[in-house]
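Asks: the following block contains a protein sequence and its predicted model.
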Amino acid sequence: MSSLARESASIQSPWSPAPRGLEGIVVANTMISKIDGKAGKLIYRGYDISELAGVIPFEAVAFLLWVGHVPNKMELEIFRKSIAEHRQVSDEIKEFVISAPHEANPLDVLRTAVSIMGLYPPPKRNPGDSVLIEDGVNLVSQFPTVIAYFQHARNDEELIEPRTDIGHAANYVYMLTGEVPTKEHEYALDSYFTLLADHGMNASTFSARVTISTLTDIYSALVAAIGTLKGPLHGGAPSKVWDMLMEIRSEGNVTPWLTSHLKNKERIMGFGHRIYRTEDPRSKILKKLAKENSDPKTFALASKVEEEARRLLSAEHPERPLDTNVEFYSSLVLNSVGIPTDMFTPTFASARSFGWIAHIMEQLSDNRLYRPASEYVGPLGLSLPKNSDISD
Ligand SMILES: CC(C)(COP(=O)(O)OP(=O)(O)OC[C@H]1O[C@@H](n2cnc3c(N)ncnc32)[C@H](O)[C@@H]1OP(=O)(O)O)[C@@H](O)C(=O)NCCC(=O)NCCS
């Protein structure tokens, strides 16, 4: 609490402190996903995440999140085709991405591209019209194209056009690397997309819901969500995990590195979670994928960091377990399929965009403007000094 707040508290009527970071406050009823932080479970529309990731294609999971049931063969085919056919971006977006500063943060490029998409929306929508699946498909299918175009534009390389004959994950790798991924890499990224697609009322999803609750357009809601995801306490961590591993370099350096960073009160990226009080269930699956796909030396280093950080953090915080979160092994999986480090968060955005759209649709289906209250804890009854020298 700041000294001003403390001082004013003493002159105010008693007030109860607001729950910091809205921890534990339920802000919506949702049928999209459920997190059981104690048991370490994540459920999408009734299905445990382990029943879905790598078991059915990511597009089927996206359909489940949006529509509410697992698609049948024909529904999946139509949905997949629709996503594939909307991958092409408009000339305006292409021009913007090519001319964006090469050193720009790729997530800023994606956020701005979505904002520009809002200047050329498909015709016929009135503010407040419920978001139809076509709108969502049109928007999120273009995320990988924007990201991959920027990757090539900033390296002065030729742009790679999207393909329509391969799945969402395979096309993403193809557009970034120029090569259709191996089955193993496609499987790893497809599973990653499923695992990251939704996660209860996380900060960016809440941003999207708050924004759309004003009955603005979906572009604005996604711009708000992407901006929220950017922070290192939310989606900005996986590249920092990778940087940390590269800085630690060898297993022998793990303990001294962690000890000195914890001594300086620095956070270890890829550990801890607001809700999970046990291992993040996504981390378990990602660890397996990382083991299967990354080089053994990097995997061994990451495992050592996991083991040591868990030991040191539990000594420092016996009151709460601090295990690996989704970002820790994501960094290895994304690196192994050929995604550049600073494209990790845009890749996260690309997966989470499907969850954002699901929540936007749900919010609009029974909308009420988000307008919480705040408790004023500042001073009251102040008067300006007479003859103040800044008075007119
Ligand atoms: C994700 C995160 C923001 C959730 O935190 P939270 O539940 O809001 O917990 P708080 O920020 O209130 O932290 C509680 C305590 O645990 C400590 N802590 C939490 N995560 C930590 C970490 N990764 N490394 C070191 N200490 C950590 C905090 O320093 C704090 O200690 P204090 O009470 O002595 O000040 C937090 O764990 C974090 O910053 N992790 C690192 C970033 C990261 O991996 N982000 C990706 C999230 S998916």
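Replies: The structure has been received and is ready for your questions. Numbering: from 1, shown residues only.
Asks: wait, N171 sits on P162?
Replies: Yes: contact status for N171 versus P162: in contact at 5.8 Å, counting by Cβ atoms under 8 Å. All C-beta atoms are positioned from the backbone trio N, CA, C, and that covers glycine.
Asks: can you get me a residue count around the residue of the stretch 1-150 of the chain found nearest the ligand?
Replies: Nearest residue of the stretch 1-150 of the chain to the ligand: G21, at 6.0 Å (Cβ to the nearest ligand atom). By the criterion of other Cβ atoms under 10 Å, G21 has 10 neighbours.
Asks: quick one: secondary structure of E186?
Replies: Three-state call for E186 (DSSP: H, G, I helix; E, B strand; the rest coil): helix.
Asks: count of neighbours near the closest residue to it other than its chain neighbours?
Replies: Leaving aside its chain neighbours, E186 sits nearest to A170 (4.7 Å; criterion: Cβ to Cβ, 6 or more residues apart in numbering). Counted with other Cβ under 10 Å, the neighbours of A170 add up to 20.
Asks: got the contact list for A170?
Replies: V180, P181, E186, L189, D190 (Cβ atoms under 8 Å, 6 or more residues apart in numbering).
Asks: cool, V70 as well?
Replies: By Cβ under 8 Å, 6+ apart, the contact list for V70 reads Y47, I56, A60, F63, L64.
Asks: how about those residues in TSV, adding distance to the ligand and secondary structure?
Replies: As requested, those are exported to TSV (distance: Cβ to the nearest ligand atom, whole Å; DSSP: H, G, I helix; E, B strand; the rest coil):
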residue	distance to the ligand	secondary structure
Y47	21	strand
I56	24	coil
A60	25	helix
F63	25	helix
L64	23	helix
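Asks: and the two most separated of the residues you listed?
Replies: Spatially, the most separated pair among those is Y47 and F63, at 12.5 Å (Cβ to Cβ).
Asks: what's in contact with stretch 254-261?
Replies: For stretch 254-261, contacts defined as Cβ under 8 Å, 6+ apart pick out E247, I248, I268, L301, K304, V305, E308, A309, L312.
Asks: just the buried ones out of these, please.
Replies: I248, I268, L301, K304, V305, E308, A309, L312 (16 or more other Cβ atoms under 10 Å).
Asks: do I have it right that the third one meets I248?
Replies: Yes: counting by Cβ under 8 Å, L301 sits close enough to I248 to count as a contact (6.8 Å).
Asks: and the residue in the stretch 201-350 of the chain that the ligand sits nearest to, how many neighbours?
Replies: Of all residues in the stretch 201-350 of the chain, G272 sits closest to the ligand, at 2.2 Å by Cβ to the nearest ligand atom. By the criterion of other Cβ under 10 Å, G272 has 20 neighbours.
Asks: for Y276, see how far away the spatially closest residue to it that is not a sequence neighbour is.
Replies: Using Cβ to Cβ, 6+ apart and skipping the chain neighbours, the partner closest in space to G272 is L322 (4.5 Å). Distance from L322 to Y276, counting by Cβ to Cβ, to the nearest Å: 10 Å.
Asks: and these two? Which one has more around it.
Replies: Of the pair L322 and Y276, Y276 is the one with more neighbours under other Cβ under 10 Å, namely 25 against 19.
Asks: okay, now the residue nearest to the more buried one when sequence neighbours are not counted: neighbour count?
Replies: Ranked by Cβ to Cβ, 6+ apart and with sequence neighbours excluded, the top spatial neighbour of Y276 is G37, at 4.9 Å. Neighbourhood size, G37 [other Cβ under 10 Å]: 15.
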